[in-house]
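S.K.: Here is my input, please return the structure:
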Amino acid sequence: MEEFIQTPLYPDPITPTQPIMPIKRNISKHIFRWLVGLAVVLVGISATLFYFGSSSFTESGITLTVTGPNQASVGDEVTYKVHIENNTKTALHSIKLSFTHPQSSAILKDGQIINSNGNVQVIDIEDLSAGASRDEEFHSFIVGDKGNIKVALAKLDFKVENIKSSFEKTAQFSTTISDTPVPITFVGPPTSVSGEAVTYLLDYRNQTQDDISGLQLVLSYPDGFRVTKVLPKATTGNTVWSLPLLKKGSGARIVIDGVLTGQQGDTKSFNVTLQRDINGTYVDYEKDTVTTLISSPLLKVSASVNGNANYISYPGDTLLYSIQYTNTSNFTFSGLTLRAKLSGSMYDLSSIDPRGGFYDSSTSTINWNSTVVPAFNALAPRATGVVVFSVKLKQTSGSSSNNTLAHATVTLETENVPDTISGNSVTVTNDILTKITSQPTFSQKAYYKDPSFGSSGPMPPEAGKNTVFTIHWLVTNPGNTVSNTKIVGTLPQGVIWKNIFTVGAGQPQPTFNKNTSQVIWDIGSLPFGVGTDGTLPYGLVFQVSVKPSPTQVGFEIPILTGARFSGVDSFTLQNIAITNLDINTNFTVDRPGEGVVQP
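M.R.: Numbers count the residues shown, from 1 in each chain. Presented below is the predicted three-dimensional model:
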């Protein structure tokens, strides 16, 4: 019988007679150690190169700053300072500094205006060594409107030693326009019918405390506008008005009349620029634009104030507006609305009487619709009508050019358009501008014992003895500059001019006419704002004496009569006259009622 031998499915491991050496594992360890050593060496070399070589440069080590004034007035010369600093250990090469002046500004270099593409000045710098710095200055004349923020930008392009690529740094600075020395107000009709006569008004005023020289106003007109008359006459053509010297507080109005033609829907732009001569080059100071839309002649609106389209008002006045509307077409229009928007700071909006209209205080607008004007539900061809409202002006006008005008914009509109008329609405707009004249104040007072001059003689006055009185004239002007300003008062018989007086700093001295016994204070130009907003009024203090006769015992004695202020408003050209009460010995401030002559 054969012997059966079973082989295990999982036999026991054979135990080798000789040990097996781990050759592959030893080789792997050697390779790993060699690679780690190589990596350490490479890192060391890299660190050395980074520290001592070209890669020691870091862009954050380059400083670029721009400094200048935070605020400036229109036309101011502004100086910007650019500072470059190399805080790295590497020199900079092929440096280009580009400075972009604020938009619309004029560039000044070496005292001259220069033209530069894009308002950019470029300075090339060869190199800037490690640790070095450099400063550059740039000069601009700021142009814009009050409240504009003007931004200047500096850009630095450069290369670094042993690095092929270029680098760039930028910095900027913002300046806010805080004031406009000579504000201009340019207005005209928002809409007009082609072929219709139109009028544009340009007002300007020097509201600084200094005279300004070398100004000019330049107008540009759109295609389709034909000038028929300008007042005052232009210096060049009908487009340039030279203002060699604009005195402080003075201003004027330019009126441009003409005929405007165009296609319905065309927008016509009228532009004005105020310029100043800087070393032979006119630099833009301020700009303004008026646009007029050529509209449909289907509707018409017009307005008047206190019965006059050219009414001249004054602070504290009440303005009664009358608005006339007309359907000039052959269509009947429905769903009409009429709006009157009030612009300007002189309106006392709390005093508005809309007379049936609805006043929207959020927009300063009075609205009328068919609920208050039934005709607006169906305005027949050639139909016409009138609505009215009233508003007061504030008592003081201040010194801004916007305070010399009251401005109302009237709009008549409907969205119910006949099928044969193109467009989504039929609209007509008109403006009415009301000049506000100056309202100076003139007051006078008499003292027996004056705070500055003291007293002399008996009080009450005594017959045969001299008593001296001191008279104060005080003038304020919250509105427009007044030209040809003069105050004249008469000394009655028996009153003597002492020729002792004082006036405010820089103000003219009075004269005394012996033939007429008149005290004359010829002020000349009375600037706007005198005696307001913290400024001192114009003042004259002078002394007179009286020596009563025995026949005047028991009576007060007149010491100044017929004192009268006169002048001309330089903006409205209105004559101004203020007459004051007569002064006698009983009307003194410090001894009232004690002026009856004693024996």
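S.K.: In a strand, G118, correct?
M.R.: No. G118 is assigned helix when assessed by DSSP: H, G, I helix; E, B strand; the rest coil, not a strand.
S.K.: contacting residues for it?
M.R.: T100 (Cβ atoms under 8 Å, 6 or more residues apart in numbering). C-beta here means a position set from N, CA and C on the backbone, and glycine is covered the same way.
S.K.: OK, contacts around the residue most central in space within the chain?
M.R.: With distances taken as Cα atoms, centre = their mean, K146 lies nearest the centre of the chain, 4.1 Å away. With contact set as Cβ under 8 Å, 6+ apart, K146 has these partners: 74, 177-180, 183.
S.K.: Equivalent analysis for R205, please.
M.R.: Contacts of R205 (Cβ under 8 Å, 6+ apart): 182-183, 249-251, 401, 404, 480, 528, 571.
S.K.: which one of these has the most neighbours?
M.R.: N480 (32 neighbours; other Cβ atoms under 10 Å).
S.K.: contacting residues around that residue?
M.R.: 205, 251, 397, 404, 436-438, 528, 569-572.
S.K.: Okay, and the residue nearest to the centre of the chain sits in which element?
M.R.: Following DSSP states H and E, one finds K146 outside all helices and strands.
S.K.: Relative to P183, how far out is it?
M.R.: Remark: distance between K146 and P183 (Cβ to Cβ, to the nearest Å) = 8 Å.
S.K.: Same check on T516?
M.R.: Separation of T516 from P183 (Cβ to Cβ): 43 Å.
S.K.: Same check on P381?
M.R.: 45 Å.
S.K.: likewise A152?
M.R.: 24 Å.
S.K.: What's the first helix or strand after the longest strand seen in the chain?
M.R.: Ordering each strand of the chain by length in residues (DSSP state E) puts strand 163-179 first. Next along the chain after strand 163-179, taking DSSP H and E as the criterion, comes strand 184-187.
S.K.: List the neighbouring strands of whichever helix or strand comes after that following strand plus their orientation.
M.R.: Using DSSP H and E, the helix or strand that follows strand 184-187 in sequence is strand 191-192. Using DSSP bridges, strand 191-192 pairs in its sheet with strand 281-294 (parallel).
S.K.: Listing partners with orientation, what would you give for the longest strand of the chain?
M.R.: Here, using DSSP bridges, strand 163-179 pairs with strand 71-73 (parallel), strand 149-160 (antiparallel).
S.K.: which parts of the last one are buried?
M.R.: What that stands for is strand 149-160. Residues of strand 149-160 classed as buried: 150, 152-156, 158-160 (neighbour count, 16 or more other Cβ atoms under 10 Å).
S.K.: same deal with stretch 339-356?
M.R.: By neighbour count on 16+ other Cβ under 10 Å, the buried set for stretch 339-356 is 339-344, 346-347, 352, 354.
S.K.: Pick out the most distant pair among these.
M.R.: Using Cβ to Cβ, the pair of the buried residues of stretch 339-356 lying farthest apart is R339 and M346, separated by 20.1 Å.
S.K.: ok so, going back, any chance of the buried residues of stretch 339-356 in CSV with secondary structure as columns?
M.R.: Converted to CSV, the buried residues of stretch 339-356 look like this (three-state DSSP):
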residue, secondary structure
R339, strand
A340, strand
K341, strand
L342, strand
S343, strand
G344, coil
M346, coil
Y347, strand
I352, strand
P354, coil
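S.K.: Pick the one among the residues you listed closest to E462.
M.R.: Lowest distance from E462 to the buried residues of stretch 339-356 (Cβ to Cβ) belongs to M346, with 53.0 Å.
S.K.: any idea how far that closest one is from V122?
M.R.: M346 is 49 Å from V122, where distance means Cβ to Cβ.
S.K.: Where is pLDDT lowest across the contacts of R205?
M.R.: Confidence by pLDDT is poorest for S401 among those, given 49.
S.K.: Let me see the ranges of the helices in the stretch 451-599 of the chain.
M.R.: Counting by DSSP state H, counting those that start in this stretch, one finds no helices in the stretch 451-599 of the chain.
S.K.: just for it, where's the confidence low?
M.R.: Regions of the stretch 451-599 of the chain meeting the criterion pLDDT under 70 are absent.
S.K.: my guess is V541 meets D450, correct?
M.R.: Yes. Here V541 reaches D450: they are 7.5 Å apart, a contact under Cβ atoms under 8 Å.
S.K.: can you list residues touching both of those two?
M.R.: The overlap between the contact sets of V541 and D450 (Cβ under 8 Å, 6+ apart) consists of T470.
S.K.: what about the spatially closest residue to E556 that is not a sequence neighbour, distance to D266?
M.R.: Leaving out its chain neighbours, the residue that sits closest to E556 by Cβ to Cβ, 6 or more residues apart in numbering is N586, at 4.1 Å. Using Cβ to Cβ, N586 is found at 72 Å from D266.
S.K.: Could you give the number of residues near the residue nearest to L405 when sequence neighbours are not counted?
M.R.: Closest residue to L405 apart from its sequence neighbours, by Cβ to Cβ, 6+ apart: L433 at 5.4 Å. Counted with other Cβ under 10 Å, the neighbours of L433 add up to 22.
S.K.: what does the one 10 residues further on give?
M.R.: The tally of other residues near S443 (other Cβ under 10 Å) stands at 15.
S.K.: That one contacts L474, correct?
M.R.: Yes. In this structure, S443 is within contact of L474 by Cβ under 8 Å, at 4.9 Å.
S.K.: quick one on the thing from earlier: can I get the buried ones among the contacts of K146 as something I can paste into PyMOL?
M.R.: Restricted to buried positions by 16+ other Cβ under 10 Å, the PyMOL selection for the contacts of K146 reads:
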select buried, resi 74+177+180+183
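S.K.: Now tabulate the contacts of K146 in JSON lines and tack on distance to T318.
M.R.: Formatted as JSON lines, the contacts of K146 follow (distance: Cβ to Cβ, whole Å):
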{"residue": "V74", "distance to T318": "36"}
{"residue": "I177", "distance to T318": "36"}
{"residue": "S178", "distance to T318": "35"}
{"residue": "D179", "distance to T318": "33"}
{"residue": "T180", "distance to T318": "31"}
{"residue": "P183", "distance to T318": "27"}
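S.K.: which of the contacts of K146 sit farthest apart?
M.R.: Distance extremes for these: the farthest pair is S178 and P183 at 12.8 Å, using Cβ to Cβ.
S.K.: ok, back up a step: which of the strands paired with strand 163-179 has the lowest average pLDDT?
M.R.: strand 71-73 (a mean of 88).
S.K.: and this protein, what are its domains?
M.R.: Taking automatic domain parsing as the reference, the chain has its domains at 72-179, 182-295, 297-436, 441-584.
S.K.: Can I get those domains in CSV including distance to V596?
M.R.: Output for those, formatted as CSV (distance: least, Cβ to Cβ, whole Å):
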stretch, distance to V596
domain 72-179, 56
domain 182-295, 45
domain 297-436, 38
domain 441-584, 6
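S.K.: looking at the ones you listed, which is closest to V597?
M.R.: It's domain 441-584; of the domains of the chain, that one is closest to V597 (Cβ to Cβ) at 4.3 Å.
S.K.: ok now that closest one, how far from the chain's centre?
M.R.: Offset of domain 441-584 from its chain centre (Cα atoms, centre = their mean, to the nearest Å): 38 Å.
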